[in-house]
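S.K.: heads up, no residue letters with this:
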């Protein structure tokens, strides 16, 4: 009897194990499970401290001390044009004239009326002295004289607006209009700039102690071999809340031959000092609205870390905070990196 019971139990266990083997395991992944993204392949550098010897280097833009787009003050047809393109002209030089025939005619008419009004005023003044007219009659004639004088002054001002002159001494640009053209204050006749060159540049807020009025800076202009000297002449009274930079202006000293407004230049501020610093390629920096980041590779994943940058030297940027020696910093493939993605470093750049 016992043998029979044991047989039934063994047979039941056998059937249960067979049915469990044919069913789906709870641990089997579903076909609807999300697929894993392939790892991102990057190149990287190992952050190391090196001797960094350089003055503060920032980017700047050259410009003329005075620059203006000369436009006519009135609308009209150009009847005279004398613009020596690319040449130096003195302040007040006449560059062109607009048609003013109608204004000249109005001016002559007002002048003729003024002559007659003055004669009437003189005659009534004598009569007033002997009681021949009352004060009111004399005042009316005197008011007419004053009104005509004001009209003449107004027309003369309109006539002056038809003459286009150089507002200061400087070098002319290229002529933008032709003789006989109808122009308005919206039209540029020519540009004018003086030969004094200055440079505007921005300094990070951590270096503002290096900036003082009267201090000298050096310039390396693209396309030139020699360094130029400049003197700081103005400093913006506040730091930009967006860029955390201070805007500075310096005037270039000495000869500026071959240097034009709008050219790019590198500005060297202060004296060279040697210090230990971590440098990374400029393409490793990720600019953001409120700061800058780098991608550090740890345990096969990217960690985006805030950094504070310092001076620049060629294609390298000094890191003041956020990195330590030994960190692996991604230099390529940064746009494809995510905090959760796997990363493979295919090459470490020395």
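M.R.: Structure's in. What do you need? Nothing here was measured: the structure is a model prediction, and the numbers come from that model. Numbering: from 1, shown residues only.

S.K.: packing partners for the host helix or strand of residue 155?
M.R.: In this assignment (DSSP states H and E), residue 155 forms part of helix 135-160. In terms of contacts (3 or more CB pairs under 8 Å, 6 or more residues apart in numbering; DSSP states H and E), helix 135-160 is packed against helix 101-129. For every residue, glycine as well, the C-beta is placed using N, CA and C.

S.K.: buried sites along the helix it packs on?
M.R.: Of all the residues in helix 101-129, those buried under the rule 16 or more other CB atoms under 10 Å are 103, 106, 107, 110, 113, 114, 117, 118, 121, 124, 128.

S.K.: which ones are touching the second one?
M.R.: The reference is to residue 106. Residues near residue 106 by CB atoms under 8 Å, 6 or more residues apart in numbering: residue 155.

S.K.: in stretch 260-275, what's buried?
M.R.: 261, 263, 265, 266, 267, 268, 269, 270.

S.K.: who touches it?
M.R.: 51-64, 67, 193, 197, 199, 201, 203, 207, 210-211, 215, 217-223, 227-228, 230, 250.

S.K.: please apply the same query to stretch 309-318.
M.R.: Contacts to stretch 309-318, defined as CB under 8 Å, 6+ apart, come from residues 52, 54-58, 204, 206-207, 277-285, 292, 319-320.

S.K.: quick one: mean pLDDT for that stretch?
M.R.: Stretch 309-318 shows a mean pLDDT of 78 in the predicted model.

S.K.: then stretch 65-78?
M.R.: 95.

S.K.: contacts made by it with the rest, please.
M.R.: 95-100, 158, 161-162, 164, 166-168, 170, 177-194, 196-198, 251, 261.

S.K.: buried ones among these?
M.R.: 95-100, 158, 161-162, 164, 166, 170, 177, 183, 187, 189-194, 197-198, 261.

S.K.: start and end of stretch 123-141, how far apart?
M.R.: One end of stretch 123-141 sits 10 Å from the other (CA to CA, to the nearest Å).

S.K.: all strands for the stretch 151-300 of the chain, in order.
M.R.: Using DSSP state E, counting those that start in this stretch, the strands of the stretch 151-300 of the chain run over residues 163-165, 170-172, 182-183, 190-193, 197-204, 216-221, 228-235, 245-252, 264-269, 274-281, 286-288, 291-298.

S.K.: quick one: closest of those to residue 152.
M.R.: Ranking these by their distance to residue 152 (criterion: CB to CB) puts strand 163-165 first, at 17.4 Å.

S.K.: rounded mean pLDDT for the closest one, please.
M.R.: 96.

S.K.: for it, which strands pair with it and how are they oriented?
M.R.: strand 94-98 (antiparallel) (DSSP bridges).

S.K.: the strand it pairs with vs helix 135-160, what angle?
M.R.: Relative orientation of strand 94-98 versus helix 135-160 (axes from the mean of the first three to the mean of the last three CA atoms, to 10 degrees): 120 degrees.

S.K.: residues touching strand 94-98, excluding its own?
M.R.: 70, 72, 74-83, 89, 162-166, 172, 183, 189-190.

S.K.: and the buried ones among these, selectable in PyMOL?
M.R.: Command for PyMOL, covering only those of these found buried under the criterion 16+ other CB under 10 Å:
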select buried, resi 70+72+74+76+78+81+83+89+162+163+164+166+172+183+189+190
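
S.K.: least reliable of the strands of the stretch 151-300 of the chain by average pLDDT, please.
M.R.: strand 274-281 has the lowest average pLDDT among those, namely a mean of 82.

S.K.: next, the buried residues of that strand.
M.R.: For strand 274-281, by 16+ other CB under 10 Å, it's 277, 278, 279, 280.

S.K.: I figured the first one hits residue 50, correct?
M.R.: Yes - taking CB atoms under 8 Å as the contact criterion, residue 277 and residue 50 are neighbours in contact, 6.7 Å apart.

S.K.: overlap in contacts, those two.
M.R.: Here residue 277 and residue 50 have no joint contacts, going by CB under 8 Å, 6+ apart.

S.K.: what about residue 265, distance to residue 285?
M.R.: The spacing between residue 265 and residue 285, counted by CB to CB, to the nearest Å, is 22 Å.

S.K.: do residue 141 as well
M.R.: 81 Å.

S.K.: likewise residue 334?
M.R.: The gap separating residue 334 from residue 285 is 9 Å, by CB to CB.

S.K.: and if you look at residue 192?
M.R.: Residue 192 sits 40 Å away from residue 285, taking CB to CB as the criterion.

S.K.: ditto for residue 171
M.R.: Counting by CB to CB, the gap from residue 171 to residue 285 is 40 Å.

S.K.: ok, residue 88 next?
M.R.: 45 Å.

S.K.: can you check residue 37 too?
M.R.: Residue 37 is 25 Å from residue 285, by CB to CB.

S.K.: with neighbour numbers in mind, choose between these two.
M.R.: Between residue 37 and residue 285, counting by other CB atoms under 10 Å, residue 285 is the more crowded of the two (17 against 11).
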